[in-house]
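Visitor: Quick one, structure for this:
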Amino acid sequence: MLAWGIIGTGDISERLVADLIALPGATVTAVWGRPAERADDFARAHGIAFATVSRDELFSRADVDVVYIATPAHTHADIAVEALRAGKHVLIEKPIAASTDDAERVYAAAATAGRFAMEAMWMRFNPLHVEVIDRVRDGLLGAAGSVRASFGTPFQARGRVLTPGQGGSILRDRGIYPVTLAHWFLGEPTSLAASGVFEDGTDIEGHATLEYRQAFAQLAWSGIRFLDLTATVSGEQGWITIDPMFWAGSRARVHAGSAERIFGAPEVVEHPRQGNGYGPMLAAVTDAIGRGSLEHPWHSHADSLAITRTLDAVLAGISAAPGNAT
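Guide: Got it, this is the predicted structure:
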């Protein structure tokens, strides 16, 4: 049985803990949050025995094996390093950190401690995405040549997401999903061009083209308007479109395999979501830790760092545009 501690009591923690409690082989023993009343309320709501406002107190507990970190993004790296140095495994809500340097610091601490560490990119473990990735890599589309994805909704989920002093970023909050999708199928780009909008020093909307030797990705994200919430990967022999919301998708349309499939009636692939959708990722983490692994091959340290480098480069490109200096 793997015992979990929860760092943060926001909406994402609420949804993830519900799936974690339902997972065989897992139990939630402690939660950290502020103020104390919020931590206590969270613990009562989920049947968690221990709540605290002291991370040191939680990290020192013998009945906590692994911690899930879901605090504002600018705090992820420091808290993860604290937990790792205390001997805990870590699952860190995306983005893993606010910069590549900080992400490298987390993984270095994990290596030193001999503990598992992973960015919680739940999309990678979604059964629909697993099938799409496998079929593309098996050659269904021939060589993948382009990715198109966007994530835009005209509401700013939390004030903290857009607070410059807290490292807020719509790119890292929402754009990370299109960027991650491009990395799955095309890898790390050789170059890129990006443009976007800043408000009070924080990026709130943007788009980018990632360039590869014989491929490209066109990506967009926004916190101020709707953008098409589908995603598509295309190749020499067809394309696959993931229905909205693509990052949490349960259905895809496969335009490949025959002329009828391409032009007339695409194959529909469906994987209904179970619970809140975090279960497959949590099961994979539980299995990896049980095997003594320090990372998961589906979202390895190298994968996470490559994506973070691309996010840094995109943000640098947006910042360099006239009028966008941060």
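
Visitor: Flag every buried residue along the helix ranked longest in the chain.
Guide: In the chain, assigned by DSSP state H, the helix with the most residues is helix 301-319. Within helix 301-319, the residues scored as buried using 16 or more other C-beta atoms under 10 Å are 301, 303-315, 317-318. Bear in mind the C-beta positions are built from the backbone N, C-alpha and C, glycine included.

Visitor: Contacts for it, please.
Guide: Outside helix 301-319, the residues that touch it by C-beta atoms under 8 Å, 6 or more residues apart in numbering are 95-97, 99-100, 103-104, 107, 110, 117-119, 121, 169, 171-172, 175-176, 179-180, 182-183, 187-189, 192-196, 198, 203, 206, 208, 210, 295, 324-326.

Visitor: the helices in the protein, which residues?
Guide: Using DSSP H, the helices of the chain run over residues 11-21, 36-46, 55-59, 76-85, 100-113, 127-137, 170, 176-186, 259, 279-290, 301-319.

Visitor: Buried deepest among the ones you listed, which one?
Guide: Mean neighbour count (mean count of other C-beta atoms under 10 Å) peaks for helix 170 among the helices of the chain, with a mean of 27.

Visitor: ok so, going back, ChimeraX command to pick out the buried ones of the contacts of helix 301-319?
Guide: Filtering those down to the buried ones (16+ other C-beta under 10 Å) takes a single ChimeraX command:
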select :95,96,97,99,100,103,104,107,110,117,118,119,121,169,171,172,175,176,179,180,182,183,188,189,192,194,196,198,203,206,208,210,295,324
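
Visitor: Just the contacts of helix 301-319: which are in strands?
Guide: 117-119, 192-196, 198, 203, 206, 208, 210 (DSSP state E).

Visitor: out of those residues, who's nearest Thr71?
Guide: Glu119 (14.1 Å; C-beta to C-beta).

Visitor: need the contact list for the closest one.
Guide: Ile92, Glu93, Lys94, Pro95, Ile96, Ala103, His299, Ser304.

Visitor: distance of the third one from Val136?
Guide: Pointing back at Lys94 there. Distance of Lys94 to Val136, computed by C-beta to C-beta, to the nearest Å: 22 Å.

Visitor: can you check the last one too?
Guide: In this structure, Ser304 and Val136 are separated by 21 Å, where distance is defined by C-beta to C-beta.

Visitor: check contacts around the closest residue in space to Trp221 that isn't next to it in sequence.
Guide: Leaving out its chain neighbours, the residue that sits closest to Trp221 by C-beta to C-beta, 6 or more residues apart in numbering is Gly175, at 3.5 Å. Gly175 makes contact with Phe151, Gly206, Leu219, Ala220, Trp221, Leu311, Val314, according to C-beta under 8 Å, 6+ apart.

Visitor: Look at Ala49 and say how many residues are nearby.
Guide: Around Ala49 sit 11 other residues, with neighbours defined as other C-beta atoms under 10 Å.

Visitor: Excluding sequence neighbours, find me the nearest residue to it.
Guide: Leaving aside its sequence neighbours, Ala49 sits nearest to Thr29 (C-beta to C-beta, 6+ apart; 6.2 Å).

Visitor: Tell me, how many residues neighbour that neighbour?
Guide: Look at Thr29: counted by other C-beta under 10 Å, it has 18 neighbours.

Visitor: Just the pLDDT for the spatially most central residue of the chain.
Guide: The residue lying closest to the centre of the chain (C-alpha atoms, centre = their mean) is Met121, at 3.1 Å. Met121 carries a pLDDT value of 98.

Visitor: show me what contacts the nearest residue to it once chain neighbours are set aside?
Guide: Among residues not flanking Met121 along the chain, His299 sits closest, at 5.0 Å (C-beta to C-beta, 6+ apart). Residues in contact with His299 (C-beta under 8 Å, 6+ apart) are Met118, Glu119, Met121, Arg124, Phe125.

Visitor: I'd like to know how far Gly142 sits from Pro154.
Guide: Here the criterion is C-beta to C-beta. By it, Gly142 lies 37 Å from Pro154.

Visitor: between the two, which one's more packed in?
Guide: It is Gly142, of Gly142 and Pro154, that has more neighbours when counted by other C-beta under 10 Å, with 13 against 10.

Visitor: Gly114 versus the more buried one, what's the distance?
Guide: As judged by C-beta to C-beta, Gly142 and Gly114 stand 42 Å apart.

Visitor: Same check on Gln237?
Guide: Using C-beta to C-beta, Gln237 is found at 45 Å from Gly114.

Visitor: In terms of neighbours, single out the busier of these two.
Guide: Using other C-beta under 10 Å as the criterion, Gln237 and Gly114 rank with Gln237 on top: 14 against 11.

Visitor: Could you tell me which residues make contact with the nearest residue to that one once chain neighbours are set aside?
Guide: Using C-beta to C-beta, 6+ apart and skipping the chain neighbours, the partner closest in space to Gln237 is Gly142 (4.2 Å). Gly142 is in contact with Gly235, Glu236, Gln237, counting by C-beta under 8 Å, 6+ apart.

Visitor: which of those residues lies closest to Ala51?
Guide: Closest to Ala51, out of all of the contacts of Gly142 and judged by C-beta to C-beta, is Gly235, at 50.3 Å.
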